[in-house]
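> Just the structure for this:
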Amino acid sequence: MSSLLTKIYHTITLSETNDILTVTLNRPDKKNAMSLQMMAELINVAKALKKDRAIRAVIINGEGDTFCAGIDLGDLNNPKNAIMGLYELLKPTQSIFQRVCLIWREVPMPVIITTHGYCIGAGMQLALACDFRITTPDCQFAIMEAKWGLVPDMGLTQSAFHVLPVDTLKELTMTARLISAKEAEQLHLVSHVDDSPYEKAQALAEEIASRSPDAVLASKRVINHMTKQSFGALYQEKMWQLKLMGGGKNRKLAIKKAKDSGVQFLKRQFS
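Predicted structure coming up:
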């Protein structure tokens with residue numbers, strides 16, 4: 001049994017079967033929206049997995065009727081958290097928002113994510129950072145940040161590189177459009193569509209676990225190296241998010257437009 005299972009978590013649950021670890025987002029009352037505490041707990045699990053030589057694969061899923069409805073804006077906008085959020089965007093290294101996604105590319109075993117209901121915003125960026133994405137046929141997906149006048153800043157420049165063509169990524173990011181699982185599969189946004197995604201993920205994890213764990217690790221490292229971007233790309237995510245949040249009148253209008261489609265934007269402020 002992994003030592004991870006002896007620790008107490010408040011926003012996620014862990015279980016293990018045959019050296020396959022399941023990490024479950026467990027805030028169903030909040031549609032598994034990512035709070036800062038959930039991000040910290042996911043990062044702590046991934047850090048422990050980087051040192052674990054027994055776990056052969058990881059499955060991430062969500063409790064309740066939605067995989068993940070994005071960032072918990074109520075939690076993030078809480079005055080006690082707002083300063084921390086600003087610091088995370090200002091510091092020179094990866095922000096907690098980038099780290100919670102990109103760290104899953106670093107763990108030495110495959111990470112399979114299973115989605116249902118909605119996989120939007122932070123949930124979509126987490127999914128893109130995993131090795132495989134398996135979804136129910138009725139799940140809907142979106143890179144949602146533009147709806148709120150923001151830009152994806154959770155490592156999308158790293159995780160989506162070579163997963164999606166650039167024009168497709170631009171279209172999904174600029175429109176914030178919800179798409180179906182069928183369209184997501186056609187765009188290669190997801191790996192498989194299945195009525196029982198968790199069982200499909202278990203079968204894939206067991207198949208991979210039948211191979212040499214060193215060969216599996218080497219495969220992940222070599223292929224991920226193909227999509228490794230410079231730190232400058234991650235810096236751009238944070239720089240533009242700070243601009244939009246700090247001086248963006250159109251960002252405030254975007255929030256209003258989410259409730260009133262008649263709201264009109266101002267001329268572009270930035271060049």
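> three-state assignment of V107?
V107 falls in the coil class when you classify it by DSSP: H, G, I helix; E, B strand; the rest coil.
> what sits against it?
Listed by Cβ atoms under 8 Å, 6 or more residues apart in numbering, the contact partners of V107 are 46, 49-50, 58. Heads up, the C-betas are built off the backbone N, CA and C, glycines and all.
> middle-most residue in the chain, spatially?
Within the chain, one residue has its C-alpha closest to the average C-alpha position: by Cα atoms, centre = their mean, that is L126, at 1.2 Å.
> Look at that one and report its pLDDT.
Here the pLDDT value assigned to L126 is 98.
> Am I right that K51 is in a helix?
No: using three-state DSSP, the secondary structure at K51 is coil, not a helix.
> distance of it from S219?
Taken as Cβ to Cβ, to the nearest Å, the spacing of K51 relative to S219 amounts to 20 Å.
> Looking at the two, which one has more neighbours?
For K51 versus S219, the count of surrounding residues by other Cβ atoms under 10 Å is larger for S219: 15 against 9.
> Now do the buried residues in the longest helix anywhere in the chain.
Secondary structure of the chain read by DSSP state H shows that its longest helix is helix 231-247. Residues of helix 231-247 classed as buried by neighbour count (16 or more other Cβ atoms under 10 Å): 234, 237-238, 240-241, 244-245.
> Helix, strand, or coil at I134?
Local secondary structure at I134 is given as strand here, using three-state DSSP.
> Mind pulling the model confidence for it?
Confidence at I134, expressed as pLDDT, is 98.
> Enumerate the beta-bridge partners assigned to it.
Note on I134: beta-bridge partners T114, H192, judged by DSSP bridges.
> pretty sure K252 contacts L244?
No: counting by Cβ atoms under 8 Å, K252 sits too far from L244 to count as a contact (10.3 Å).
> Quick check, pLDDT for N78.
On pLDDT, N78 comes in at 89.
> now swap in the one 3 residues further on and tell me
The score at N81 is 89. That number is its pLDDT.
> Could you list every helix and strand that the longest helix of the chain packs against?
Packing contacts for helix 231-247, counted by 3 or more Cβ pairs under 8 Å, 6 or more residues apart in numbering; DSSP states H and E, involve helix 79-90, helix 96-102, helix 156-159.
> could you dump the ones you listed to TSV with distance to A205 and mean neighbour count?
Written out in TSV, the entries for the helices and strands packed on helix 231-247 read as follows (distance: least, Cβ to Cβ, whole Å; neighbours: other Cβ atoms under 10 Å):
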stretch	distance to A205	mean neighbour count
helix 79-90	32	13
helix 96-102	20	23
helix 156-159	20	24
